[in-house]
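Trainee: Return a 3D structure for these sequence lines:
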Amino acid sequence: MEVPIELIRPSPYQPRLTFNTGDLKEEIERDGLLSALVVRKRDDHYELLDGERRLRTLKEMGWKTAPVDVREVDDVTARRSVFKLNIVRENYTTEEKARYFKKLADEGMKAYQIGQELNVDDTWVRAHLSVFQFPEDIQEAVWADQLSISTIRELEAVIGANIEEAISVAGEAIARKLTIRQVHDLVRPSVERIDKARVEAARQALEAKTQVLGAAAPISLETPEDYEKAATALREEAKKRRLESLTPEERAALAAQREQEAIEKQQRKEEAQGKREEARQQEIEDEARKRAKEIVKDNNLVREFVAGEYVLTAGDVRAEDLREALMQKLMANIPEEKRQRAKDIFDEEFNSLQKRLEIFPEKSAKIEPKFTRFKELVTRGVIPYTVWDFPDRDDYAGDKDFHGNCSPQIVEQCIWRLTEEGDLVVDPMAGSGTALDVCRKFNRKCIGYDIKPPTERVDIIQNDSHHIPLADNFVDMVFIHPPYWKLVFFTRAEEKLPDLSRADTPEQFLEMLKEVFQECYRILKPRKFMCVLLGDLIRDGSFVPLCRKTANMAEKLGFVDYGYAVKLAHGEVSRKKSGVIVAEPIYTDNLKISHDAVMFLRKGGG
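Mentor: Below is the predicted model of the structure:
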């Protein structure tokens with residue numbers, strides 16, 4: 001439906017502070033408005049749920065009406081939807097997140113409630129809220145990324161106890177450009193003093209409670225067990241007081257949530273029980289099928305039988321005789337009640353054996369080296385299939401909190417399959433150093449470059465990888481995880497660095513990446529691999545096939561495409577559950593992208 005633009009108002013829950021409408025105006029002039037504004041009906045107007053940038057652009061263009069999709073949602077759903085739909089397109093700035101969290105806190109929400117509603121870490125919420133306890137000059141430094149939220153987290157214990165000391169340390173961190181570790185060391189004595197004061201306060205609180213309850217003996221805090229019991233008691237007290245601070249509506253919502261969780265837990269229990277029952281029913285068939293496969297595919301057994309009874313020529317071996325002899329061997333170990341099903345399974349497997357007899361035993365000799373290589377890779381831990389699923393990220397490599405980090409398991413799969421110990425791997429866009437850490441663990445040499453290395457990673461060389469300072473034909477493998485176009489910015493605009501994430505268009509992104517790939521091709525040894533971790537995107541309702549275009553570009557440079565593995569995406573379970581995360585792509589006739597691609601590109605040559 002169409003409604004007058006003057007009746008559509010921005011959401012009061014919009015975290016975004018600035019909107020860039022230039023490129024969108026050109027798209028609308030060229031293609032029209034491809035997707036309607038998502039709104040909800042209020043008393044005398046419509047409130048935006050999704051599409052403020054489009055609304056601003058339409059106003060600039062002089063539109064009088066706009067197509068809308070009206071949804072019936074409550075305030076909580078509206079608040080959550082606006083936050084999540086916007087962050088899918090482009091991450092919020094620190095200031096936008098902090099001011100949004102403060103707005104919710106001013107409305108009476110606790111940090112843990114904000115975190116629970118928006119599916120973000122409540123300690124992260126508290127750190128953003130803590131910024132507003134500092135003077136404006138320090139706040140401005142945080143907004144300008146001169147002081148990180150991680151640093152604010154290090155100061156939180158001091159903020160609560162002595163804000164003046166926290167302000168002093170923050171100022172020093174800005175002036176001296178201290179790392180998070182240096183700030184941690186600087187405030188450590190104060191934190192230890194505060195922790196001791198808290199322990200003493202806890203002791204006094206427990207003693208007071210003992211007197212109120214009339215306990216026979218005072219509470220002792222001497223052994224580690226004493227402290228653990230005290231901590232448990234304090235957690236229970238905190239839980240009780242938190243519950244008492246809730247409004248009746250919040251208590252009802254919490255009770256409903258717990259009831260739903262109990263129902264889901266019972267459903268999972270029943271599903272697990274049903275699966276166990278199915279597994280038991282499957283045991284008879286699996287046992288028979290396994291035995292049949294072992295007999296039919298045991299080349300030595302078949303070879304010995306044929307050699308003992310027949311001359312080894314295809315014309316002399318009668319399939320029926322072989323079938324009967326092998327069937328007897330199978331039935332010798334199968335109980336009576338299972339034999340009919342075992343016979344049916346055996347017949348299925350034997351049909352494949354008849355084809356092998358035509359080239360037996362030469363086929364076995366040809367396949368042996370292939371199986372040897374297969375077993376070697378499986379022993380290393382290589383996944384020999386095109387779907388890689390790592391539900392949990394190993395934490396030993398890189399920084400899991402670094403924007404755009406990848407799972408160490410991905411690098412493991414690449415180096416296990418395509419390199420040997422002592423080989424040299426190069427990562428031209430090292431990020432937080434995941435590839436370097438993995439290679440170090442598994443005895444590969446690794447050189448990591450990055451346009452803006454983290455200050456704490458002295459082993460990553462600052463370098464623009466449009467030019468890699470290595471000789472031709474020098475490297476055994478390249479692992480590269482380029483930034484995804486306009487998903488997360490890795491440099492500030494004023495730095496004017498050749499950052500792929502800040503490319504204006506997909507075409508410019510690919511042209512910049514092409515220059516890096518040319519260098520990777522040059523430094524790779526002949527017939528060695530470059531592994532590229534990349535993902536496709538949906539931008540403003542349009543699918544951007546970065547992976548396909550990247551593979552095509554690499555082939556034009558001389559790489560040979562050896563396919564790709566699909567790496568399933570995790571970490572969005574609760575957002576998927578809410579349905580909000582898929583609303584935008586589904587509405588624009590796309591699908592929610594829930595995977596990345598690991599592309600394998602091989603350099604030609606002898």
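Trainee: Pull up the gap between Q113 and Y100, please.
Mentor: 14 Å (C-beta to C-beta, to the nearest Å). Every C-beta, even on glycine, is put in place using the N, C-alpha and C of the backbone.
Trainee: meant to ask about F529, not that
Mentor: Distance, F529 to Y100, by C-beta to C-beta: 44 Å.
Trainee: again, but for E249
Mentor: Going from E249 to Y100 by C-beta to C-beta gives 22 Å.
Trainee: Pick out whichever of the two has more residues nearby.
Mentor: Higher neighbour count among E249 and Y100: Y100, with 24 against 8, using other C-beta atoms under 10 Å.
Trainee: For the closest residue to the more buried one other than its chain neighbours, which residues are in contact?
Mentor: Excluding its sequence neighbours, the residue lying closest to Y100 (C-beta to C-beta, 6 or more residues apart in numbering) is P15, at 3.6 Å. By C-beta atoms under 8 Å, 6 or more residues apart in numbering, the residues touching P15 are 82-83, 86, 92, 96-97, 99-100.
Trainee: quick one: which of those residues is nearest to E270?
Mentor: F83 (34.7 Å; C-beta to C-beta).
Trainee: quick one: secondary structure of the closest one?
Mentor: Here F83 is helix, with the state taken from DSSP: H, G, I helix; E, B strand; the rest coil.
Trainee: Now do the contacts for it.
Mentor: Applying C-beta under 8 Å, 6+ apart to F83 gives the contacts 13, 15, 100, 118.
Trainee: Just to be sure, L48 is in a strand?
Mentor: Yes. Counting by three-state DSSP, L48 falls inside a strand.
Trainee: That one bridge partners, please.
Mentor: V39 (DSSP bridges).
Trainee: what's around it, how many residues?
Mentor: By the criterion of other C-beta under 10 Å, L48 has 22 neighbours.
Trainee: what do you get for R79?
Mentor: Neighbour tally, R79, other C-beta under 10 Å: 23.
Trainee: Does it touch E117 like I think?
Mentor: Yes. If you go by C-beta atoms under 8 Å, R79 and E117 touch, sitting 7.1 Å apart.
Trainee: This structure - how does it break down into domains?
Mentor: Structural domains annotated on the chain: 2-168, 285-369, 381-603, as defined by automatic domain parsing.
Trainee: Quick one, which of those gets closest to K196.
Mentor: domain 2-168 (11.4 Å).
Trainee: Quick check: phi and psi on K567?
Mentor: phi -100, psi 110 (degrees, to the nearest 10).
Trainee: okay, it: pLDDT?
Mentor: On the pLDDT scale, K567 is placed at 89.
Trainee: Same question for the one 3 residues further on.
Mentor: As predicted, H570 sits at a pLDDT of 70.
Trainee: what's the closest non-adjacent residue to it?
Mentor: Computed as C-beta to C-beta, 6+ apart, the closest residue to H570 that is not its neighbour in sequence is P391, at 5.4 Å.
Trainee: cool, and E519?
Mentor: In this structure, E519 finds its nearest non-sequential neighbour in I468, 4.4 Å apart by C-beta to C-beta, 6+ apart.
Trainee: pretty sure the one you found is in a strand, no?
Mentor: No. Assigned with three-state DSSP, I468 falls outside any strand and is coil.
Trainee: looking at it, it is touching M429, isn't it?
Mentor: No. Using C-beta under 8 Å as the test, I468 is too far from M429 to be in contact (11.0 Å).
Trainee: who touches both of the two?
Mentor: Overlap of the contact sets of I468 and M429 (by C-beta under 8 Å, 6+ apart) consists of Y449.
Trainee: element containing the residue nearest to H570, please.
Mentor: Secondary structure assigned from DSSP states H and E places P391 in neither a helix nor a strand.
Trainee: who does the host helix or strand of A98 touch, helix- and strand-wise?
Mentor: Using DSSP H and E, the element containing A98 is helix 94-106. Under the contact criterion of 3 or more C-beta pairs under 8 Å, 6 or more residues apart in numbering; DSSP states H and E, helix 94-106 touches helix 111-118, helix 122-130, helix 136-143.
Trainee: mean pLDDT for those: which is lowest?
Mentor: helix 111-118 (a mean of 83).
Trainee: Give me the buried positions along that one.
Mentor: Within helix 111-118, the residues scored as buried using 16 or more other C-beta atoms under 10 Å are 111, 113-116, 118.
Trainee: wouldn't A173 be in contact with V183 here?
Mentor: Yes. Between A173 and V183 there is a contact under C-beta under 8 Å: 5.3 Å.
Trainee: Mutual contacts of those two, please.
Mentor: Shared contacts of A173 and V183 (C-beta under 8 Å, 6+ apart): T151.
Trainee: R80 contacts L118, correct?
Mentor: Yes. Applying C-beta under 8 Å as the test, R80 and L118 come out as touching, 6.3 Å apart.
Trainee: For the residue nearest to G535 when sequence neighbours are not counted, give me its contacts.
Mentor: The shortest distance from G535 to any non-neighbouring residue, by C-beta to C-beta, 6+ apart, is to D596 (4.1 Å). Contact analysis of D596 by C-beta under 8 Å, 6+ apart lists 533-535, 566-567, 569.
Trainee: repeat for L500
Mentor: Contacts for L500 (C-beta under 8 Å, 6+ apart) come out as 482-483, 485, 509, 512-513.
Trainee: ranking those residues by neighbours, who comes first?
Mentor: Counting neighbours by other C-beta under 10 Å, L513 comes out on top of the contacts of L500 with 26 neighbours.
Trainee: What helix or strand is that residue located in?
Mentor: Per DSSP H and E, L513 falls inside helix 506-523.
Trainee: so for that helix, what's the average pLDDT?
Mentor: For helix 506-523, the mean pLDDT works out to 90.
Trainee: same for it, what does it pack against?
Mentor: strand 475-480, strand 524-534, helix 546-557.
Trainee: Could you tell me the angle between the shortest one and helix 506-523?
Mentor: In this structure, strand 475-480 runs at an angle of 160 degrees to helix 506-523, with axes from the mean of the first three to the mean of the last three C-alpha atoms, to 10 degrees as the basis.
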